[in-house]
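S.K.: With the input below, show me the fold.
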Amino acid sequence: MRFEDVDFGQDLPELAPDVGPEAVRRFAETAGMLHPRFFDAEAARREGLPGAIVPGIMSQGILAALIHRWAPEARIQVLDTTFRAPLLVGSKPRCRGVVTDLDSDSRSVEIDLTLMNEAGETRVVGTAKVTLP
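M.R.: Numbering: from 1, shown residues only. Purely as a prediction, here's the structure:
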């Protein structure tokens, strides 16, 4: 994807990430995040959570993956996220993005990002600024 190929309001192709127990376990172990709230639904409930949750940095990684699937050579300059509600392990989320600004001088693109659960409830929102070749 080159800067000239991007249009204001363009939707990025939707991503359906794997947040199943095994994927979350691999991610959390690799990141050194061994807290039971990511693996054990009962432990998470004792903390007041609705069940085992996807780590926040994994959610951010999913947003970054959406960008790189759309534009593999993009350089993410900023990825700002807000966590509205937990994303549950084993859910079937969808990740979307839309181009909200273009700067031809810096060849940068701003993208609004959302990560929703299968009920369509927004769990994570974000904004990214990326540069394109």
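S.K.: from here on, contacts and neighbour counts on C-alpha atoms
M.R.: Noted.
S.K.: what are the ranges of the strands in the chain?
M.R.: Counting by DSSP state E, the chain has these strands, from start to end: 75-83, 94-103, 108-116, 122-131.
S.K.: Parallel or antiparallel, list what pairs with the third one.
M.R.: I take that to be strand 108-116. For strand 108-116, the pairing partners within the sheet under DSSP bridges are strand 94-103 (antiparallel), strand 122-131 (antiparallel).
S.K.: Next, the angle strand 122-131 makes with the longest helix along the chain.
M.R.: Longest helix of the chain, by residue count under DSSP state H: helix 56-70. The directions of helix 56-70 and strand 122-131 differ by 50 degrees, with axes from the mean of the first three to the mean of the last three Cα atoms, to 10 degrees as the criterion.
S.K.: Can you name every helix or strand that helix 56-70 contacts?
M.R.: For helix 56-70, the contact count by 3 or more Cα pairs under 8 Å, 6 or more residues apart in numbering; DSSP states H and E identifies strand 75-83, strand 94-103, strand 108-116 as packing neighbours.
S.K.: let's go with 7 Å and repeat that
M.R.: Taking 3 or more Cα pairs under 7 Å, 6 or more residues apart in numbering; DSSP states H and E as the contact definition, helix 56-70 has no neighbouring helices or strands.
S.K.: Please report how far the residue located most distally from the centre of the chain lies from Arg2.
M.R.: Relative to the centre of the chain, and counting by Cα atoms, centre = their mean, the farthest-placed residue is Asp105 at 27.4 Å. Separation of Asp105 from Arg2 (Cα to Cα, to the nearest Å) stands at 14 Å.
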